[in-house]
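J.: mind looking at a prediction? Sequence and model below.
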Amino acid sequence: MNPAWRAGGGGRAVIRWWHGFAMDLTVIVGPMKGGKSLEMISLLSPLQHAGIPHRIYQSARHGRDTLVTSRSGGSLQTVKVHSLAGAATGDVEWIGVDEIHMFTVDDIAELGVAVRAGIKVVVAGIDLDHRGQLFAPVRALFELAPEKVIYRRAVCDVCRSLDATHTQVLEHGKPFIRELAPSTALPDDGTYTYEARCRRCVVLP
């Protein structure tokens, strides 16, 4: 079967097909404290109970723990990796990736291979960097034309509004506004602290 879009009737979802495989890529993005992990847990935790072959990855740069953990409760066990090379190999039907912004554009290409092989892929991460621009891996994800994009919002840590869209990076309690190479993902190892902020309260370089 050639690559095509196939739409079901009666309001059913549109499904993409690639050489006979239904493609399924779900992207969950938003600022810190926006409930991305909870969304991922709700989508992937049933796989453990059903015994469906799956793997859930986290970047080795994520130094806090080896779990996808929600502030509202619940967790998923993950495998720490430096890259997603070979993620589509082996007996696996689902792949989950947490903190996707900490990976590279080449890693996103590996996920594209997985999706075209018929593996269902769910990823979650921060979409905007400290400059308020899309992380390069997130931009590459959107170029894969995901079937579903879930945008999460958070409570602004400054004004308490419900529409925080940015993650404010703080260094010694002050906004981090130094110039870095484009799309640099800062480590989540305690070096910096982070706040969810709305467009009105965020401080950009």
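T.: That came in fine, so what should we check first? Numbering: from 1, shown residues only.
J.: and the longest helix for this structure?
T.: Criterion DSSP state H: the longest helix present in the chain is helix 36-50.
J.: mind giving me the packing neighbours of that one?
T.: strand 25-29, strand 54-59, strand 67-69, strand 75-77, strand 94-98, strand 120-125 (3 or more C-beta pairs under 8 Å, 6 or more residues apart in numbering; DSSP states H and E). C-beta here means a position set from N, CA and C on the backbone, and glycine is covered the same way.
J.: redo these as a markdown table? Include distance to residue 141 and mean neighbour count.
T.: As requested, the helices and strands packed on helix 36-50 are exported to a markdown table (distance: least, C-beta to C-beta, whole Å; neighbours: other C-beta atoms under 10 Å):
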| stretch | distance to residue 141 | mean neighbour count |
| --- | --- | --- |
| strand 25-29 | 5 | 22 |
| strand 54-59 | 14 | 22 |
| strand 67-69 | 18 | 20 |
| strand 75-77 | 20 | 15 |
| strand 94-98 | 10 | 24 |
| strand 120-125 | 7 | 25 |
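J.: in the sheet, who's paired with the most centrally placed residue in the chain?
T.: Nearest to the mean C-alpha position of the chain, by C-alpha atoms, centre = their mean, lies residue 124 at 1.9 Å. Legend: beta-bridge partners of residue 124 under DSSP bridges are residue 28.
J.: any idea of the pLDDT on it?
T.: pLDDT, residue 124: 96.
J.: what does residue 41 give?
T.: For residue 41, the predicted pLDDT is 89.
J.: hang on, it packs against residue 78?
T.: No: contact between residue 41 and residue 78 fails when scored by C-beta atoms under 8 Å: they sit 11.3 Å apart.
J.: of the two, who's got more company?
T.: residue 41 (24 against 21; other C-beta atoms under 10 Å).
J.: and the more buried one, how far is that from residue 47?
T.: Distance, residue 41 to residue 47, using C-beta to C-beta, to the nearest Å: 11 Å.
J.: list the beta-bridge partners for the closest residue in space to residue 81 that isn't next to it in sequence.
T.: Spatial nearest neighbour of residue 81, chain neighbours left out: residue 57 (5.3 Å); criterion: C-beta to C-beta, 6 or more residues apart in numbering. Residues in a beta bridge with residue 57, per DSSP bridges, are residue 79, residue 97.
J.: look up how far residue 98 lies from residue 57.
T.: As defined by C-beta to C-beta, residue 57 lies at a distance of 7 Å from residue 98.
J.: where does the protein dip in pLDDT?
T.: Applying pLDDT under 70 to the chain flags residues 1-23, 62-75, 180-183, 187-190.
J.: again, only this time at 50
T.: Residues of the chain meeting the criterion pLDDT under 50: 1-14, 17-21.
J.: where do the helices sit along the chain?
T.: For the chain, applying DSSP H gives helices covering 36-50, 105-116, 136-143.
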